[in-house]
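# Sequence and predicted structure below; questions after.
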Amino acid sequence: MSKLEIRSPLPGTFYRASSPDVPPFKADGDAVASGDTIGLIEVMKTFQEIPAGIDGKAITFLVDNEEPVMAGQVIAEVEQ
């Protein structure tokens, strides 16, 4: 099976949920559709939704919640 990468479109802080008291958008092992939001990137108090952009059977996150990321950094892999 092949794996495709989801990369951060910009530098900032990666969040897996919209707030600390709600479940993450996606958990490791969840199926994803291209339009699904998988997380948020925060830059200077502005939040940008990160869409999966691809369909797949299982997602695996490579960065933790609240971890700084760089533009182009792989944040997750999706198994097809």
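Sure thing, it's come through. Numbers count the residues shown, from 1 in each chain.
# show me where this structure has strands.
In the chain, the strands defined using DSSP state E lie at 3-7, 12-15, 37-43, 46-51, 58-61, 67-69, 74-79.
# which stretch among those comes nearest residue 27?
Comparison of the strands of the chain against residue 27 by CB to CB identifies strand 58-61 as nearest, at 8.1 Å. Heads up, the C-betas are built off the backbone N, CA and C, glycines and all.
# what helices or strands is the closest one leaning on?
If contacts are counted by 3 or more CB pairs under 8 Å, 6 or more residues apart in numbering; DSSP states H and E, strand 58-61 sits against strand 74-79.
# What residues of the strand it packs on count as buried?
Buried residues in strand 74-79, counted by 16 or more other CB atoms under 10 Å: 75, 76, 77, 78.
# what is the last one paired to in the beta sheet?
It stands for residue 78. On the basis of DSSP bridges, residue 78 is bridged to residue 4, residue 59.
# these two touch, right, it and residue 32?
Yes. Counting by CB atoms under 8 Å, residue 78 sits close enough to residue 32 to count as a contact (5.8 Å).
# Spit out the residues that contact these two alike.
Counting by CB atoms under 8 Å, 6 or more residues apart in numbering, the contacts common to residue 78 and residue 32 are 52, 54, 55, 56, 59.
# which residues are contacting stretch 68-80?
Contacts with stretch 68-80, where a contact means CB under 8 Å, 6+ apart, come from 1-14, 32, 38-39, 41, 50, 52, 54-63.
# If you average the pLDDT over that stretch, what comes out?
Averaged over stretch 68-80, pLDDT sits at 97.
# Any idea how far apart the tips of it sit?
Counting by CA to CA, to the nearest Å, you get 27 Å between the two ends of stretch 68-80.
# where in the protein is pLDDT low?
Scanning the chain for pLDDT under 70 picks out nothing.
# Of the contacts of stretch 68-80, keep whichever come out buried.
By 16+ other CB under 10 Å, the contacts of stretch 68-80 give 6, 8, 12, 14, 32, 38-39, 41, 50, 52, 56, 58-59, 61, 63 as buried.
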